[in-house]
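In: sequence unavailable; structure follows:
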C-alpha cells in the first residue's frame, strides 16, 4: 500500500463507530479573545480510555482475523496506547499483553489493569521493552500492535480530524501534538482528504524535538534522552509516520515546558476540562506566538486527559 | 404572583438564550457501571462565568427597566453569583457593584474584577455584608439582585432542568445541590412543568444541613456556622425558595465531606471535567447510598466549575 487512501480513513470511521465516542468540539470565548482567533478543540480527552489512542487500537483490532484475535494482542507502552489496546481487546472478547517499564506512572498501570490488560514489567530501556515483548509474543502467540507505526493505527487516528472537519468545513488550520507521529500523520492525511486547503501544524516540546529536527533536517533523527512533562510525546517518529508527515504537514514548531504548563492551566481554568500535558502543546505554540493564527479558524486535537491529579504541574 | 408558572420559565429560557450556553449533557459508562444506573450530567460548569448562576442573573437583568439598568445592579456574594452578575451587567452595558467579605477566595475576587464588577470589601459577617450593601445602594442607586430569593433568579435557574428534560424526556429522577435553594427550587418547578413524574432530590452537605432540617422539620431553620468544602452551599434557604422546595421537592439527603471529595475526584478522573465541590454533592449521595437509584434514569445538575487549582481537596 502506498501510504493510506481516503477510503481507508472512511472505512476506519465506519468500523470504529459502534465502539467509540464521537467526541464533542468545544471552544472558549475567553481563550479566543486572548489570542484574537477562533479555536475549536476536538476533545479526545473524552474518548474511551481517555485518549485518541482508542481510535487506532480499535481500528487495528477490528481488522484482525478471528484466529489472530483469539490469540490476543501485545504491545510495549507506558501510556495511553496500553490502556486503549487493553480496553479494545476486552471489548472484543480477547486479551491484551502489555509490556510496561517498571517505572511507569501508577495511574497508567492501574488503567491497564482495570481494562483487563495482562502486564509484564521490564527495565525502562527500549532494548528491554523490545526483548520482553518478543518473549511475551513467543510465549502467547499474540499479535503485536505497534502504538503508531502501523497504517491501521494511523487510519484510526485520522478519524478525529475527519470528524472535526465534518463539523467545521471552514477550518483553515489544524494543530496536533507530535510524539511517534500517529496522530499528526493521520491528522495531516485527513486534512488533505476532507478539508479545503487546511494548513497542518505539528507542535512538539523543545525537550523532545526529534520530529522538528527530522522534518526540517530532511533525514530521520531519533529521540535521544527526551525531557518533557508531555509524557505522551517522548517517542520518536516511525518509518511509516515520518514520510507522511514530511509530505503532508506544513509546519512543525517547538514549545517550552513553561508554555505547556501555562497552556494546560489555561484549558483547565477556562474550559473546565481535564487535559494531560501533551494535549496542551498546540495551544502552547499559540501562546508563544510560534504560529501565525490571528483571525484564523483553528482546530486543535486535544489528545488525552489521563493525568495524575495528585501531581499537577501547576 | 403565586410562586412561578410554567410560562415564566419558558419566557426566561427565551430571554436568556442569546446570551448563554445551552450546556452539554454528558455521561460516563464507568460511573454508570459503578452504580448500576444511568446518570446524565447537565454541565453547568461549562456555563458562562462557570456556573448556573449566569442563568438567573441574566434573566433578572433582562427584566430591568432601561432606567434601572442604567443605575447598575448590586449584590453581596462571595461566590459564583458575584461573577455571574458582573458578567451579565458587563454584557448589558451596565455596572455591577459587588460587596464581598474581605476573606473571599482570591480566585473569585479575580473573576469579579475580570468581568468588570466594582468590589467593596467588608467584614465576613452577614450584618456587615448587609449594611455595606445598603450603603453601596444608597450611594450608587443600584438595584439589588439577590442571589436566590427572587422569582426572576429562580425562573432563570429553572431553565437548566428544562433543557435537561427536553433532551431526556424519560428522566425519572433529577438531583441538584441545595444552598440558598435557587437552583433546587427552580429544578423542582421545571421537573413538575416539563417532566413526566420526575422525582426531585436535593443533596446537601451534612455540615450545612439547614435545608434538610427545614424540609423535614416543617419550619424554617437558618444555617448556623456551616462547615463544608462545598463553598457554594453555605447559605440558608430564603422566604421564596423554602416554600417551593417544601411543596415540590420529594426528598433531601445529606452527605459527608469525605463522600463529596470522593465524588468530585470520580467526576474529574472519569469524566475529565472540572467541577467544584458543590457540584459533586448529588453524586456523593449516590456514593453513600442515601438514595435508591438502581436501574433509574437520573439527571444531575453539575452546578459549577470554579475551583482553585492550587488547592485541590484531594
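Out: That came through fine. As the structure is a prediction and not an experimental result, all values here were calculated from the model.
In: and stretch A:240-260, which residues are buried?
Out: A:240-242, A:244-245, A:248-249, A:251-257, A:259-260 (16 or more other C-beta atoms under 10 Å in any protein chain shown). Using the backbone N, CA and C atoms, a C-beta is placed for each residue, glycine as well.
In: tell me the one of the residues you listed nearest residue A:43?
Out: residue A:260 (18.3 Å; C-beta to C-beta).
In: run through the residues of chain A sitting next to chain B.
Out: Within chain A, the positions lying close to chain B (C-beta under 8 Å from any C-beta of the partner chain) are A:24, A:26, A:45-46, A:50, A:265, A:268-269, A:271-275, A:305, A:309-310, A:312, A:314.
In: show me which of the residues you listed are buried.
Out: A:26, A:45-46, A:50, A:265, A:268-269, A:271-275, A:305.
In: so the nearest residue to residue A:86 once chain neighbours are set aside versus residue A:53, what's the distance?
Out: Excluding its sequence neighbours, the residue lying closest to residue A:86 (C-beta to C-beta, 6 or more residues apart in numbering or on different chains) is residue A:117, at 3.2 Å. Distance, residue A:117 to residue A:53, by C-beta to C-beta, to the nearest Å: 13 Å.
In: so what sits against both of the two?
Out: A:83, A:85 (C-beta atoms under 8 Å, 6 or more residues apart in numbering or on different chains).
In: who's more crowded, the two?
Out: Neighbour totals were compared for residue A:117 and residue A:53, and residue A:53 leads with 33 against 26 (other C-beta atoms under 10 Å in any protein chain shown).
In: wait, residue A:60 touches residue A:148, no?
Out: No - distance between residue A:60 and residue A:148: 10.9 Å, which falls outside the contact criterion (C-beta atoms under 8 Å).
In: okay, now residue A:102: neighbour count?
Out: For residue A:102, using other C-beta under 10 Å, the count is 11.
In: ok, residue A:72 next?
Out: Counted with other C-beta under 10 Å, residue A:72 comes out at 19.
In: surely it meets residue A:92?
Out: No - with contact defined as C-beta under 8 Å, residue A:72 does not count as touching residue A:92 (10.3 Å).
In: tell me the confidence at the residue nearest to residue A:86?
Out: pLDDT for residue A:117: 97.
In: give me the next element, helix or strand, following the helix-or-strand element of chain A with minimal mean pLDDT.
Out: Here the helix or strand of chain A ranked lowest by mean pLDDT, DSSP states H and E is helix A:106-114, holding a mean of 91. For helix A:106-114, the following helix or strand on the C-terminal side (DSSP states H and E) is strand A:118-122.
In: show me what that next one is packed up against.
Out: Contacts defined by 3 or more C-beta pairs under 8 Å, 6 or more residues apart in numbering or on different chains; DSSP states H and E place strand A:118-122 against strand A:96-101, helix A:106-114, helix A:126-140.
In: strands - which of the buried residues of stretch A:240-260 land there?
Out: Here DSSP state E is the test, and those give A:251-255 as lying in strands.
In: between these, which is nearest chain B?
Out: residue A:255 (20.6 Å; C-beta to the nearest C-beta).
In: my read is that that closest one contacts residue A:283, right?
Out: No - between residue A:255 and residue A:283 there is no contact under C-beta under 8 Å: 9.2 Å.
In: sorry, back to before: hey, which of the helices and strands packed on strand A:118-122 is tucked in deepest?
Out: Neighbour counts (mean count of other C-beta atoms under 10 Å in any protein chain shown) averaged over each of those peak at strand A:96-101, with a mean of 25.
In: partners of that one in the sheet?
Out: strand A:73-76 (parallel), strand A:118-122 (parallel) (DSSP bridges).
In: so which bits of the next helix or strand along the chain from the first one are buried?
Out: Taking DSSP H and E as the definition, the helix or strand that follows strand A:73-76 towards the C-terminus is helix A:80-91. Residues of helix A:80-91 classed as buried under the neighbour-count rule (16+ other C-beta under 10 Å) are A:80-89, A:91.
In: number of nearby residues for residue A:29?
Out: Residues within reach of residue A:29, counting by other C-beta under 10 Å, total 11.
In: please apply the same query to residue A:56.
Out: Neighbours around residue A:56, by other C-beta under 10 Å: 33.
In: name the SS class of it, please.
Out: helix (DSSP: H, G, I helix; E, B strand; the rest coil).
In: ok so, going back, now the ones in strands among the buried residues of stretch A:240-260 as CSV including pLDDT and distance to residue B:144?
Out: What follows is those, written out as CSV (pLDDT from 0 to 100; distance: C-beta to C-beta, whole Å):
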residue, pLDDT, distance to residue B:144
A:251, 98, 54
A:252, 98, 56
A:253, 98, 51
A:254, 98, 53
A:255, 98, 48
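In: which SS state does residue A:179 fall under?
Out: Applying three-state DSSP: residue A:179 is coil.
In: quick one: it from residue A:108, how far?
Out: Residue A:179 sits 15 Å away from residue A:108, going by C-beta to C-beta.
In: do residue A:211 as well
Out: Note on residue A:211: its distance to residue A:108, by C-beta to C-beta, is 23 Å.
In: again with residue A:138
Out: Residue A:138 is 25 Å from residue A:108, by C-beta to C-beta.
In: same question for residue A:223.
Out: 19 Å.
In: all strands for the stretch 151-300 of chain A, in order.
Out: A:173-177, A:199-205, A:251-255, A:297-302 (DSSP state E, counting those that start in this stretch).
In: picking that back up, show me what the least confident helix or strand of chain A is packed against.
Out: Short answer (3+ C-beta pairs under 8 Å, 6+ apart): helix A:106-114 packs on helix A:80-91, strand A:96-101, strand A:118-122.
In: now stretch A:281-290: buried residues?
Out: Buried residues in stretch A:281-290, counting neighbours by 16+ other C-beta under 10 Å, are found at A:281-288, A:290.
In: quick check: nearest residue in space to residue A:209, chain neighbours excluded?
Out: residue A:254 (4.9 Å).
In: partners of that neighbour in the sheet?
Out: residue A:204.
In: show me what contacts the closest residue to chain B within the stretch 151-300 of chain A?
Out: For the stretch 151-300 of chain A and chain B, the shortest gap (C-beta to the nearest C-beta) falls at residue A:272, measuring 3.6 Å. By C-beta under 8 Å, 6+ apart, the residues touching residue A:272 are B:45-46, B:50, B:273-275, B:305.
In: what would those residues look like in TSV with distance to chain A and pLDDT?
Out: Formatted as TSV, those follow (distance: C-beta to the nearest C-beta, whole Å; pLDDT from 0 to 100):
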residue	distance to chain A	pLDDT
B:45	5	98
B:46	6	97
B:50	6	96
B:273	6	98
B:274	4	98
B:275	8	98
B:305	4	96
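In: just the ones in helices from these, please.
Out: For the contacts of residue A:272, not one is inside helices, with DSSP state H as the criterion.
In: need the max-distance pair from these.
Out: Going by C-beta to C-beta, the pair spanning the contacts of residue A:272 furthest: B:50 and B:273, at 11.6 Å.
In: mind listing the shared neighbours of those two?
Out: Joint contacts of residue B:50 and residue B:273 (C-beta under 8 Å, 6+ apart) are A:272, B:305.
In: which residues does residue A:51 bridge with?
Out: Under the criterion used (DSSP bridges), residue A:51 bridges to residue A:304.
In: quick check: it touching residue A:307?
Out: No - with contact defined as C-beta under 8 Å, residue A:51 does not count as touching residue A:307 (10.9 Å).
In: higher neighbour count, the two?
Out: residue A:51 (28 against 25).
In: which neighbours do residue A:51 and residue A:307 share?
Out: residue A:276.
In: can you report the mean pLDDT over the residues of stretch A:190-208?
Out: Here the average pLDDT along stretch A:190-208 is 97.
In: what is the end-to-end distance of that stretch?
Out: Separation of the first and last residues of stretch A:190-208 by C-alpha to C-alpha, to the nearest Å is 25 Å.
In: cool, stretch A:217-226 as well?
Out: Stretch A:217-226 has an end-to-end distance of 18 Å (C-alpha to C-alpha).
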